[in-house]
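>>> Sequence below, structure please.
(chains A, B and C)
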Amino acid sequence: MHMQSTKKILKMRQIVKHFPGTRAVDRVDFDCSSGEIHCLVGENGAGKSTLMKLLAGIYQPTSGIIELEGVPIHLRNYSEARKNGIGVVYQELSLLPECTIAENFLMGVWPKTKRGLVDWKQLNERAVDIMKLVHLDLDPNELIKGLPVAIRQMVEIGKVLSQDPKIIIFDEPTASLSKDEVELLFSIIRRLKDEGKAIIYISHRMEEVFELADRVTVMKDGKKVTTEPVGNFTEDSLVSMMVGRELREIFPPKLDEGIRGKKRFYARVQYNQSSEPIEFSIYEGEVLGFGGLQGQGQIQLLEAIFGLHQVKDLYVEINGNACVIKSPHDAIQNSIALIPENRAEEGVFLTMSVAENLSVATLGNRSRYGIIQNRAEQQAVHEMVDELSVKVATVQQPANSLSGGNMQKLVLGKWLMSEPKVVFLLEPTKGVDVGTKQHIYKLIRDLANKGVACLLYTSDMLELIGMSDRVIVMNDNSITAYLQGSSISEESIMRAAVSLHTKEENDHA
Amino acid sequence: MLEKQRNAQMYLPVYIAAILIYLLAGILQPRFLSWSNNVNLLTRIVPLLLAGIAQTFVLLTGGIDLSVGAIIGLTNVVAASLPFSGTAYNIILWLTVPLLIGAAIGFSNGLIISRWGFPPFIVTFATSTIWTGVALLIMDVPGGDISLGLYRTITGKLFSIIPVPLLLIIFFVASSYIVLRYTSFGRSIYAMGGNKQVARESGIPVERIELYAYTASGLFAGLAGMYLSAIMVSGDPLVGDPYVMNSIAVAVIGGVALSGGRGGVQGIIGAAYIFYLIDNLLNLLGVSTFYQYVAKGLVIILALTLTSRDRGLLLSQNHSKFTERLRRPNTKRN
Amino acid sequence: MQMPKPSMVNYFKQQKVILLLLCVIIGMLIIGEVLAPGFSSFKHIQTILRTASFVGLAAIGQTLVILTGGIDLTIASLITMGQIFGCLFVNASDANLWWSILLILLIGGGFGLISGLGVSYLKISPLVMTLAVSSLVNGVTLISVDGAPKGRASPILEKLGAGSIAGMPSMVWIWLILTLLVVLFLRKTILGRQVYHLGTNDIAARYSGIRTARVRTMVYVLSAMFSVLTGILLAGNTARPFLGIGKEYTMWSITAVVIGGTSMAGGSGGYLGSVAGTIIIIMLEGLLTVISIPEAGRKIANGLIILVMIMIYYRQNKKR
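So this is what the prediction gives:
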């Protein structure tokens, strides 16, 4: 494979990006040439999306230099990045559903007639041309909202291409595409490469990486592991590079392998007519881990069981008793607790007090005839605050004055107060400091020991391995592996997460 | 779905309903179909139409203008208080001053809202009382003076056949349609109403568009005030009061989504007709006018129920969570 | 119509707001006394409070609804209905009074239920839903009396609406008691607490097991019931029914709530603020009347004070 021009159009040098509490990108060098397809891989939190957001002007680097064609640039926002010839293809995010394809393509820069009015005829003609770039043959008057997701993706790509960028970033573009559409996308990408564009392609799907890439950069924990031509890797070696680090945290001791207690929890979910039912169980004393890369359906599954989504069929058994769940209220009545992924939006009432936040799910326990018993509430709240070591001056202070870790404790505390039988923890240590993490791990293990069915979903590999007695890995809305005991490892999880063929099937639900 | 199809879905029902009601009225009372009654209807519809157009500009951006009534009242009394009564100067002033005032007030609303980001509801709520107060200062009881020539012109007929109100309706609806469909300003309104952030990232000057939208609203409200002054041959500071809520109702029935980004003036004539036809029809049926209120309420609820798939409401958090799901790569919607 | 996010933007301690409003009230009392001696006399304050009580009662429902992030435009029409039906059913006889009140509360609650159901289950915007229902209410009221309101209040009702008990206007007592009840409701009951959760973060509320649709519907029912109650008491005040008596109340109730510091986005604020806001509005009216400013000027002043208060409250929200 001969690279026509090895002109390095992009050089990112010693890029560092700090967020409060973490180093998302840690002194990374990255470059890309015209006519090259450069794949960026790594697990969750590796920093690849952040790195690309820096390139797209959405974030600004804490330090480091970005050079375009040898010239250092400072991008303050995405518009500037676009003007500099950088284009990013996310999913349909940047399309307006109530406008036509043509309007979306030329949003803000609609062609005008001599009299200064919008020239719809020209707009539609240009739209047809743009659609040719992505092999679309639709009426430019089609509204976005009537288009299936895959087509919207193509429109999105067309929109980016119409601005004639020199560097195009694709961030997990094949999520909603069928095999045929993926092939179409690839042919477009290859054509762009031939035209001399620099392509950066982020994906966790190994087949894609190996099919498209000229070079591959592996990132891990914010650092660059290596950048090499794709021929230097095999699937296995690539996966190995993505994982493999020392255990820095200490996890509470797990259940003895081989012991299988009573079935505490069983669920079977079928989203709709055409999808396969998903089922799993949780046994006494165990922490069941849910793994896989982000956005593979783990959260939707758990939320569906919690009653947040309408699904075709939901069957739940707790301690052998079937439950009917149609809403979160029902779930809570059945002693299920869900600690949500985004505490700020879904779990915490930021402007309300610590006490109110802790109380909200169990108000009935401390009230008589609908009136909240102040003393009982204060007592319960203080007990929980002590038990969780939440750092507050007073329980009346607003929740948004707490650190991330303490806020997470609020969410946990809220649910602990309800003495649940089943707990779903979604990314419980996201944005939480190390000390609090330890505390949370101990809490989870204690719960499990007490007989509560604990389900832990986390994209933090180490956490998943350290805490789980069993692991279920999901990819693309289905379960790809059940792992137990010694077969739980970073490699086995990652392989299942990217759906490599050899799966370990130690145990069934 | 093609844009044409969506538009047909959105606007046809209004006109079908309007025509049905019209025919029903005609069957019940043949006098209804008389020329003079129709001209009468046309004349009465104009101010509601103008108020509805004003509101549409603002609603499309995702905002709201509660000061429409106040602006109508103020421009109305100003129009009736102009000097040089009986001369051509008066007419020139009548044509310009109320318009400028309406636009200026709209501009001030837009400035506060776009520059400081205060919620449009409260801002226009507050300014509406302020400007009503000013209107009352100018004229505390209905009065004032309008040249009869204006009255005759507005209620007259061009070439002795075409009623002037009809021309006005066609002109204003057509011109606002052209602005909304064929100008950068108009398309930008739809863009920002659809998704402010996306519009901003596309380089659209969102704050400025918002400013101009409110200005346009004030302008059309001013037109309504002027028209009313000519029709009533006098000024009334409180004449605009019913128009605030009616303008919203008419816009919504005419297909404009409260959340912004969807709808237009295409349905407004039908909506305004429905509004007045209900009154007329009930009158003809000999039904007490009180049932109007019930009917209007039901019509609005009906229109809303049919379009309530639109998630536009004050509970915007649900909406943002939904779109947040779309932001995460690899997330399939269930 | 888009609203600013409730969380970071509008947070301020309710105590600070009440303090600020109290200062404004005291300031107005002082200015009033200076401009027109006797303004701050006990008797005059009583008069102010009695006038304010009706608006204050109307503001109860509005406060509750706005706390959930909605708005209630049916208040004016329901007050009118309460007053007209009050006179109609009571018909000058005390014997009819209690069942009349019950019946009217039920009717009002029914309309509130319609509003609530539309908003909570059909997801219709509160603005347009309550607008439509208010039209319905007006129609029903007019149809019921065929355009000619009749009847009158009974002696007990008049004593409540216009009379005095133990030296203070009965309405002031009623307002006091209701204020106590409403504040206790919001601060001490489960439902009241849930209203705040709902308005603060509708999604988190659902995730925490609160039945958001039910709570929201209930709030609209309560608001409607307080509105018709206000109307009934107004009947006691005016003795005879008048069409359109409730007309300004929607506007006043919103003004009172906004000045009182309750955020239009929901989740923060409370009824005490609305009480203070009501008093400020009425006092302002009184002040301006005393210095002979015509109605026009009073309207302008009202509008300006709202703008000033938003600027103070929303100062943090520079960027949308």
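>>> Let me see the contact set for the most centrally placed residue in chain C.
Closest residue to the average C-alpha location of chain C: residue C:59 at 1.3 Å, with Cα atoms, centre = their mean. Neighbouring residues of residue C:59 by Cβ atoms under 8 Å, 6 or more residues apart in numbering or on different chains: C:252, C:253, C:256, C:257, C:260, C:271, C:274, C:275, C:277, C:278. From N, CA and C alone the C-beta is placed, and that goes for glycine too.
>>> I'd like these as CSV, with neighbour count and distance to chain B appended.
Formatted as CSV, the contacts of residue C:59 follow (neighbours: other Cβ atoms under 10 Å in any protein chain shown; distance: Cβ to the nearest Cβ, whole Å):
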residue, neighbour count, distance to chain B
C:252, 24, 10
C:253, 34, 12
C:256, 28, 12
C:257, 29, 10
C:260, 29, 13
C:271, 28, 19
C:274, 31, 15
C:275, 27, 19
C:277, 35, 13
C:278, 28, 16
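>>> so is the spatially most central residue of chain A in a helix, a strand, or just coil?
The centroid of chain A falls nearest to residue A:294 when counting by Cα atoms, centre = their mean (3.5 Å). Three-state assignment for residue A:294 (DSSP: H, G, I helix; E, B strand; the rest coil): coil.
>>> what's the answer for residue B:75, then?
The three-state assignment at residue B:75 reads helix, by three-state DSSP.
>>> pLDDT at it, what is it?
The model reports residue B:75 with a pLDDT of 96.
>>> From chain A, how far out is it?
29 Å (Cβ to the nearest Cβ, to the nearest Å).
>>> what do you get for residue C:288?
Using Cβ to the nearest Cβ, residue C:288 is found at 35 Å from chain A.
>>> Can you read off the pLDDT for the residue nearest to the centre of chain C?
97.
>>> show me where the stretch 151-300 of chain B has strands.
Secondary structure of the stretch 151-300 of chain B, counting by DSSP state E, counting those that start in this stretch: strands at B:157-158, B:162-163.
>>> and among the ones you listed, the most buried is which?
Highest mean neighbour count of those: strand B:162-163, a mean of 16 (counted as mean count of other Cβ atoms under 10 Å in any protein chain shown).
>>> Quick one: mean pLDDT over it.
The model assigns strand B:162-163 a mean pLDDT of 86.
>>> Tell me the strands beside that strand, with direction?
The pairing partners recorded for strand B:162-163 under DSSP bridges are strand B:157-158 (antiparallel).
>>> With adjacent residues omitted, what lies nearest to residue A:80?
residue A:57 (5.3 Å; Cβ to Cβ, 6 or more residues apart in numbering or on different chains).
>>> surely the one you found meets residue A:73?
No: between residue A:57 and residue A:73 there is no contact under Cβ atoms under 8 Å: 9.1 Å.
>>> neighbour count winner among those two?
residue A:57 (22 against 14; other Cβ atoms under 10 Å in any protein chain shown).
>>> And the residue nearest to the centre of chain C, its phi and psi?
Torsion angles at residue C:59 (phi, psi; degrees, to the nearest 10) stand at phi -70, psi -10.
>>> how near is it to residue C:223?
Going from residue C:59 to residue C:223 by Cβ to Cβ, to the nearest Å gives 10 Å.
>>> Helix or strand: which one has residue A:31?
Assigned by DSSP states H and E, residue A:31 belongs to strand A:22-33.
>>> Pull out the buried residues from that strand.
Within strand A:22-33, the residues scored as buried using 16 or more other Cβ atoms under 10 Å in any protein chain shown are A:24, A:25, A:26, A:28, A:30, A:31, A:32, A:33.
>>> Which residues does whatever helix or strand comes next after that strand contact?
Note on strand A:22-33: by DSSP H and E, the next helix or strand toward the C-terminus is strand A:37-41. Contacts to strand A:37-41, defined as Cβ under 8 Å, 6+ apart, come from residues A:30, A:32, A:48, A:51-52, A:189-190, A:193, A:198-204, A:208-209, A:212-219, A:230, A:238, A:242.
>>> ok so, going back, format the CA atom coordinates belonging to the strand holding residue A:31 as PDB.
What follows is strand A:22-33 as a C-alpha-only set of coordinates in PDB (Å, rounded to 0.1, in the frame of the first residue of the first chain):
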ATOM      1  CA  THR A  22      -8.200  13.900  36.200                       C
ATOM      2  CA  ARG A  23      -5.700  14.200  33.500                       C
ATOM      3  CA  ALA A  24      -7.800  13.200  30.500                       C
ATOM      4  CA  VAL A  25      -4.900  13.500  28.100                       C
ATOM      5  CA  ASP A  26      -1.400  13.200  29.300                       C
ATOM      6  CA  ARG A  27       1.400  14.400  27.000                       C
ATOM      7  CA  VAL A  28       0.200  12.800  23.800                       C
ATOM      8  CA  ASP A  29       1.800  13.200  20.500                       C
ATOM      9  CA  PHE A  30      -0.400  12.500  17.500                       C
ATOM     10  CA  ASP A  31       0.000  13.200  13.900                       C
ATOM     11  CA  CYS A  32      -1.800  12.500  10.700                       C
ATOM     12  CA  SER A  33      -0.900  12.800   7.000                       C
END
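>>> and that strand, what does it pack onto?
In terms of contacts (3 or more Cβ pairs under 8 Å, 6 or more residues apart in numbering or on different chains; DSSP states H and E), strand A:22-33 is packed against strand A:8-19, helix A:48-55, strand A:198-202, strand A:223-229.
>>> one more time with 10 Å, if that's ok
When contacts are defined as 3 or more Cβ pairs under 10 Å, 6 or more residues apart in numbering or on different chains; DSSP states H and E, strand A:22-33 sits against strand A:8-19, strand A:37-41, helix A:48-55, strand A:63-68, strand A:198-202, strand A:215-220, strand A:223-229.
>>> quick revisit: out of the contacts of residue C:59, which are inside helices?
Judged by DSSP state H, the subset of the contacts of residue C:59 located in helices is C:252, C:253, C:256, C:257, C:271, C:274, C:275, C:277, C:278.
>>> Quick check, pLDDT for the second one.
This means residue C:253. 96.
>>> And for the third one?
pLDDT, the model's per-residue confidence, is 95 for residue C:256.
>>> And residue C:159, by the same measure?
For residue C:159, the model assigns a pLDDT of 89.
>>> Check the gap between it and residue C:228 for me.
According to Cβ to Cβ, residue C:159 stands 20 Å off from residue C:228.
>>> Please say which of these two ends up with more neighbours.
residue C:228 (33 against 15).
>>> So the more buried one lies in a helix, does it not?
Yes: counting by three-state DSSP, residue C:228 is located in a helix.
>>> In contact with it, which residues?
Residue C:228 is in contact with C:61, C:74-75, C:77-83, C:85-86, C:101, C:103-109, C:111-112, C:137, C:246, counting by Cβ atoms under 10 Å, 6 or more residues apart in numbering or on different chains.
>>> near chain A too, which of those?
When Cβ under 10 Å from any Cβ of the partner chain is applied, no member of these is adjacent to chain A.
>>> Show me how to select, in PyMOL, the buried members of these.
Only the buried entries of the contacts of residue C:228 go into this PyMOL selection, using 16+ other Cβ under 10 Å:
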select buried, chain C and resi 61+74+75+77+78+79+80+81+82+83+85+86+101+104+105+107+108+109+111+112+137+246
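>>> I'd say the residue nearest to the centre of chain A and residue A:204 touch.
Yes: if you go by Cβ atoms under 10 Å, residue A:294 and residue A:204 touch, sitting 9.3 Å apart.
>>> give me the number of residues near residue C:194?
24.
>>> Now name the helix or strand holding it.
Applying DSSP H and E, one finds residue C:194 within helix C:190-200.
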